[in-house]
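Undergrad: got a structure for you, letters missing:
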């Protein structure tokens, strides 16, 4: 579950649903003092949360009693302050489902150094919410516990599903990428309080260009089903690092992009591009034609010639590690600043069987596009140049 703070306009909600092919699944209004809507595929439920005007309680309160304060996830004032500071942006990498987020003076995470951002909150119906500072004080990781088949999403939300054929094939959140000025302290901090390990590490020599670069570390849980990459800028290059551009425009650390997984990325991106001209999300320009000669060498035994042709047509990037293949593409920024964007991906290979014989895909199959970073950086650099050109002062002749 990812959350986005921004103006609670009907247009914004419709744009996310229309652009991603995700129908509305549930909503919460009077019960949480906020206008909150959930978009859902068959396996994921990213929630867009926005501030709304305060409302009166539905039932009379005892004399002198204040209306109950909604959970931090939905607080109107906090959401408004966040948007003012960072623009439309996720307020945290993710919400993690845990066995127990119950109030305790020293939970396991706090005992291992986590900084609480909100004291544990009872949401009702056996559900609990706790927050821990992650990338900064107001960019948090949320722990949610509770299970009740009669509850839609979270207590206070109601089912609004209708019969809909809108489905572009997006299935789940694969990973959320955080940006920091320096990642070493936060990697150490998050490894300790989450019990995660370093899944992968990249340096500027791996993923940069002659003009700019970054350093990156990917954290993962034991099963490697939860993936949290962290990036930092590299300084002293010809151009300012894209990570530094993000940090400047976002007003500090935050979530740079969310990677959404599809089982058929070619079909998904074709549908998403089909609505780009009608208010949908736009995509970064694809690599030059000679890039796909390398794709044939790298992944020609996994992707057919027709699939590689379609990848070239749509501008999809293809990479491979020693276990599987990754196909990916990135949107242009989707908010009101050149910060948050989306990655659409498909992972191919790495199939395993659990103890019950059920087949599943190993987390992080195909890697994180190490072989594509240079091409991606070039695309972003060209996009930034178009923004810089628009910001150049114009001379008006008398």
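TA: That came in fine, so what should we check first? Because the structure is a prediction, the values reported are computed rather than measured.
Undergrad: contacts only, for residue 268.
TA: Applying CB atoms under 8 Å, 6 or more residues apart in numbering to residue 268 gives the contacts 21, 168, 169, 170, 262, 344, 346. Where you see a C-beta, it was placed from the backbone N, CA and C, and this is true even at glycine.
Undergrad: and the residue nearest the centre of this structure?
TA: residue 258 (2.4 Å; CA atoms, centre = their mean).
Undergrad: what pLDDT does that one get?
TA: The per-residue pLDDT reported for residue 258 equals 93.
Undergrad: secondary structure element for it, which one?
TA: strand 254-262 (DSSP states H and E).
Undergrad: who touches stretch 215-224?
TA: 175, 183, 187, 190-191, 194-204, 207, 226-232, 234, 362-364, 368.
Undergrad: so which of those residues sit within helices?
TA: Members of the contacts of stretch 215-224 lying in helices (criterion: DSSP state H): 187, 190, 191, 194, 204, 207.
Undergrad: burial measure for the fourth one, as a count.
TA: Applying other CB atoms under 10 Å, we find 22 residues neighbouring residue 194.
Undergrad: quick one, what contacts it?
TA: 109, 141, 219, 221.
Undergrad: what do you get for the second one?
TA: With contacts defined as CB under 8 Å, 6+ apart, the neighbours of residue 190 are 134, 196, 219, 228, 230.
Undergrad: now do the third one, the pLDDT please.
TA: The predicted local distance difference test score for residue 219 is 95.
Undergrad: quick one: it is in a strand?
TA: Yes - counting by DSSP: H, G, I helix; E, B strand; the rest coil, one finds residue 219 located in a strand.
Undergrad: what about the helices in the chain?
TA: Under DSSP H, the chain gives helices at 10-20, 76-86, 108-111, 184-194, 204-207, 242-250, 265-274, 291-299, 305-314, 373-391.
Undergrad: looking at those helices, which one has the lowest mean pLDDT?
TA: Among those, helix 204-207 scores lowest, at a mean of 69.
Undergrad: gap between the closest residue to residue 366 other than its chain neighbours and residue 370?
TA: Once flanking residues are discounted, residue 366 sits nearest to residue 326: 3.2 Å by CB to CB, 6 or more residues apart in numbering. Look at residue 326 and residue 370: by CB to CB, to the nearest Å, they are 9 Å apart.
Undergrad: and for residue 29?
TA: Counting by CB to CB, the gap from residue 29 to residue 370 is 44 Å.
Undergrad: do residue 28 as well
TA: Distance from residue 28 to residue 370, by CB to CB: 40 Å.
Undergrad: which of the two has more residues huddled nearby?
TA: residue 28 (23 against 16).
Undergrad: surely that one and residue 160 touch.
TA: No - counting by CB atoms under 8 Å, residue 28 stays clear of residue 160, with 10.1 Å between them.
Undergrad: neighbours around residue 150, how many?
TA: Neighbours of residue 150 (other CB under 10 Å): 5.
Undergrad: can I have the buried ones of the contacts of stretch 215-224 as a PyMOL selection?
TA: To isolate the buried ones among these in PyMOL, judged by 16 or more other CB atoms under 10 Å, type:
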select buried, resi 175+183+187+190+191+194+196+199+200+202+204+207+226+227+228+229+230+231+232+234+362+363+364+368
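Undergrad: among the contacts of stretch 215-224, which lie within strands?
TA: 175, 197-202, 227-232 (DSSP state E).
Undergrad: ok, so of the residues you listed, who is nearest residue 12?
TA: The closest of the ones in strands among the contacts of stretch 215-224 to residue 12 turns out to be residue 175 (CB to CB; 23.8 Å).
Undergrad: brilliant, that's me finished.
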